[in-house]
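>>> What would the 3D arrangement of this be:
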Amino acid sequence: GSRSLKNFCITWILMCVTLCIVLPCQLLIRNQDQRSEMERSNASLDMTEMSGFICGYISCVFYLGSRFPQLYKNFQRRSTEGTSYLLFALAMLGNCTYGLSLVLKMPAIESSRALYFLHHLPWLIGSFGVLLLDVFVS
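The predicted structure is shown next:
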């Protein structure tokens, strides 16, 4: 019910709506550009890929940040009473399998691994980082 919480929620909703509008437009523009362009350089990042990285890191920050209120609450109360262990167990399994799917999908070619790892870094940090925080919560 606080004013700052309402402002945060409104800002969050506006940011999500904006991303839902901007990203599809970027994909449409990209598809049109790819039709006219014969070959795309792998070394450079275009606007859509950069938008994806930015969204990935924003997601990573919010996803990691989502566990700290529960950790703080448990620490203050010195108890885990009221915590849904099934929720955290399923979240841990989901994060573990998602992170492993990214690692196991890594290309066999040595030279491509670093680029693959860099491109998937926000999601790897998000899944394995939250998995680690969930261990502390549970």
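>>> got the contact list for residue 63?
When contacts are counted by C-beta atoms under 8 Å, 6 or more residues apart in numbering, residue 63 touches 126, 129-130. Any C-beta I mention is one placed from the backbone N, CA and C, and that applies to glycine too.
>>> And it, how close does it get to residue 134?
Per C-beta to C-beta, to the nearest Å, residue 63 is found 11 Å from residue 134.
>>> next one: residue 89
9 Å.
>>> Compare the two and say which one has the larger neighbour count.
residue 134 (20 against 12; other C-beta atoms under 10 Å).
>>> and residue 95, how many neighbours does it have?
Count around residue 95 with other C-beta under 10 Å applied: 20.
>>> Do you know the pLDDT at it?
If you check residue 95, the pLDDT there is 89.
>>> so after the least confident helix or strand in the chain by mean pLDDT, what's the next helix or strand?
Between all helices and strands in the chain, the lowest mean by mean pLDDT, DSSP states H and E belongs to helix 3-36, at a mean of 66. Using DSSP states H and E, the next helix or strand after helix 3-36 towards the C-terminus is helix 47-65.
>>> same for whichever helix or strand comes after that following helix, what does it pack against?
Of the helices and strands lying after helix 47-65 in sequence (DSSP H and E), the nearest is helix 68-77. Where contact means 3 or more C-beta pairs under 8 Å, 6 or more residues apart in numbering; DSSP states H and E, helix 68-77 is packed against helix 121-137.
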